[in-house]
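Chemist: this one's sequence-less:
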């Protein structure tokens, strides 16, 4: 069966397993969704607490922009090593280490400046911690994509990747009001304490419950067959030492894959569709990083809202981005089931979403704060609909380098997290307003459309011997 064919739904067996109404793969998806929500809350918390941190520690607007970008410098640098380690050790072990380490860094932020410290020293320490956060979070999204590739048939993968990708919007919608309230009532340090405790709990849960599909104690034979026959690469972690025989049996046959080597890497970087993915993901992430860094500051300083108001108002575009993210993935898979080609099913929602995202530039022409928030909400909804980069990556990445390709895409995409906060910081300081910055962000919607055109036909990349 080809990877684009939808697998038929098979009935679950009778007996004890019949009581398991929810397939295990959906619980796996729920877990990585929750982890990704906390992941984005950790990286985005500085945008809500930023003005309080700036006031307490004495940072300038440009210095705050560099702090916003510190995460992305490390996140980009950590992508390729993270991808190689995922291909070597598998998602379960690498994800556990990643969650535990980024949690410790998040907790450490709460201690910065407790003792009177010169501004440059405090800036250096906080920059270093945000840098470390980027390093330790770098395997997260490639690990999500790897889990989706292992656990979901192709006809469900658009929805699966849309769910974990939409966690970034849900994180803002959920945590922006909470972080604003905690900062207002107890101070910004407690935000990082609360997030640290959540991270520690998730580390324990991941280690105790997660496993590969063939070994997971909750997966039925029928569900495993559904995943495999539908194109799920359940043996993707074979090279990481996973035991793929159910119950340790010797009868399981695991296909051997070519190792990731220099020749394979060279061929990956010579593949045009991947460069289209890299370019569009960069553009999409520029929109993301505006919302998780400067958008709350824009509402505070550009529109004159209070901190509590910002917490609730910032949640509105994020909530619509979450809805848009789910809509894009579900519509894409529905198109695939109805006979559309994989290329059309992934690209049509992406183009529609990116056109909507460009409307953010209109906010520079509007005076009404209410109308500005409405346009921002529409733009972020569109950005969510068009964010199918991870689905496309799981569709086209060669099996022997799935995490490497995902990490490479994430690295290129998150260069936007370095560029966007710094450019906006300098632009706002030079002009005294956010108008030019808004047009800068809007232009990335057009750039994403260029990337989709460069991508060409979407299909699995294979390197025949």
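Modeler: All right, it came through fine. Source: prediction; values computed, not measured. Numbers count the residues shown, from 1 in each chain.
Chemist: what sits against residue 355?
Modeler: Neighbour list for residue 355: 382, 445, 449 [criterion: Cβ atoms under 8 Å, 6 or more residues apart in numbering]. In short, each C-beta sits where N, CA and C put it, glycine included.
Chemist: residue 349 is in contact with the first one, correct?
Modeler: No: the pair residue 382 and residue 349 fails to qualify as a contact (Cβ atoms under 8 Å) at a distance of 10.0 Å.
Chemist: dump the contacts of residue 355 to JSON lines, plus pLDDT, secondary structure and neighbour count.
Modeler: Output for the contacts of residue 355, formatted as JSON lines (pLDDT from 0 to 100; DSSP: H, G, I helix; E, B strand; the rest coil; neighbours: other Cβ atoms under 10 Å):
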{"residue": "382", "pLDDT": "93", "secondary structure": "helix", "neighbour count": "25"}
{"residue": "445", "pLDDT": "91", "secondary structure": "helix", "neighbour count": "25"}
{"residue": "449", "pLDDT": "94", "secondary structure": "helix", "neighbour count": "20"}
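Chemist: just the residues you listed now: which is nearest residue 301?
Modeler: The shortest gap between residue 301 and any of these belongs to residue 445, at 24.3 Å (Cβ to Cβ).
Chemist: distance check, the nearest residue to residue 330 once chain neighbours are set aside against residue 337.
Modeler: Closest residue to residue 330 apart from its sequence neighbours, by Cβ to Cβ, 6 or more residues apart in numbering: residue 159 at 5.4 Å. Plainly put, residue 159 is 11 Å away from residue 337 if you go by Cβ to Cβ, to the nearest Å.
Chemist: with residue 390 instead?
Modeler: 19 Å.
Chemist: how far out from the middle of the chain is the helix or strand bottoming out on mean pLDDT in the chain?
Modeler: Ranked by mean pLDDT, DSSP states H and E, the weakest helix or strand in the chain is helix 307-313, scoring a mean of 75. Going by Cα atoms, centre = their mean, to the nearest Å, the spacing between the C-alpha centre of helix 307-313 and its chain's C-alpha centre is 24 Å.
Chemist: just stretch 62-70 next, same as before
Modeler: 21 Å.
Chemist: circling back: neighbour count for residue 159 and residue 337, which is higher?
Modeler: residue 159 (20 against 11; other Cβ atoms under 10 Å).
Chemist: pretty sure that one is touching residue 329, no?
Modeler: Yes: the criterion here is Cβ under 8 Å, and residue 159 meets it with residue 329 at 4.7 Å.
Chemist: how long is stretch 298-314 end to end?
Modeler: Using Cα to Cα, to the nearest Å, one end of stretch 298-314 lies 10 Å from the other.
Chemist: which residues touch that stretch?
Modeler: 48, 51-52, 172, 176-181, 183-184, 291, 295-296, 369, 372-373, 433-434.
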